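# need coordinates for the below:
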Amino acid sequence: MTGKVLIAMPGMADPRFSHSVVLVCAHGAEGAMGIVLNKPLPDIAFAELLDQLGIEAEAAPPSVPVHFGGPVEPGRGFVLHSVGESADEDEGMMRIGGGGLAMTTTRNILEDIARGRGPDRAVLSLGYAGWEAGQLENEMLANGWLTADAGDELIFGTDNAGKWQAALKSLGVDPLMLSAAAGHA
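Have a look, this model is predicted:
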């Protein structure tokens, strides 16, 4: 599931994940880790975070969205960003899937972005979503999540309010036709 997006079903009981689109950054036998893509933190600006960390920006700092990434470690930053296919992996950088997407957790990427040497596209998330071994699979079996391919617009697009519907529509699903109730045959 690494590199896929999870789309919360209407019956998602956890309000932190209601109408969420979550990029699965790592998935294996020991569990899963993801970043919520469509929950911006309106009271936190990237420039303010740079200032709090003592990172000097070159001229005006770039406008990097800051999101709620999930309820686990909410004080820790995770930068989802584009990366060239031939780019060397830096310490703290993890490629996601086989494409040009990575997640970095070190201060270096924030310094690079602030100085205009960062990736072409980036979003900073505070916290992450985590699942123990088998937990995500059980939530999927209980009709808590749908899965879809992760496109650049879902990851880096600015229409956060429309990402949930766009993710569903990428599967050919009309959000109005979904029910919060689930059944099994």
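
# next up, the contacts around the residue nearest to residue 71 when sequence neighbours are not counted.
Closest residue in space to residue 71, ignoring its immediate chain neighbours: residue 16 at 5.5 Å, by C-beta to C-beta, 6 or more residues apart in numbering. C-beta here means a position set from N, CA and C on the backbone, and glycine is covered the same way. Contact analysis of residue 16 by C-beta atoms under 8 Å, 6 or more residues apart in numbering lists 68, 70, 71.

# cool, residue 12 as well?
18, 19, 20, 144.

# pLDDT below threshold where in this protein?
60-61, 85-89, 179-185 (pLDDT under 70).

# now name the helix or strand holding the residue positioned nearest the centre of it.
In the chain, the C-alpha nearest the mean C-alpha coordinate belongs to residue 35, at 3.1 Å (C-alpha atoms, centre = their mean). Assigned by DSSP states H and E, residue 35 belongs to strand 31-36.

# now residue 51
Following DSSP H and E, one finds residue 51 within helix 46-52.

# same check, this time on residue 136
According to DSSP H and E, residue 136 maps onto helix 135-141.

# just to revisit the earlier point, pretty sure the residue nearest to the centre of the chain is touching residue 124, no?
No: using C-beta atoms under 8 Å, residue 35 makes no contact with residue 124, being 10.0 Å away.

# contacts for stretch 53-68?
Against stretch 53-68 from outside (C-beta under 8 Å, 6+ apart): 16, 35-41, 44-47, 49-50, 74, 107, 110-111, 113-116, 118, 122-127, 158, 160.
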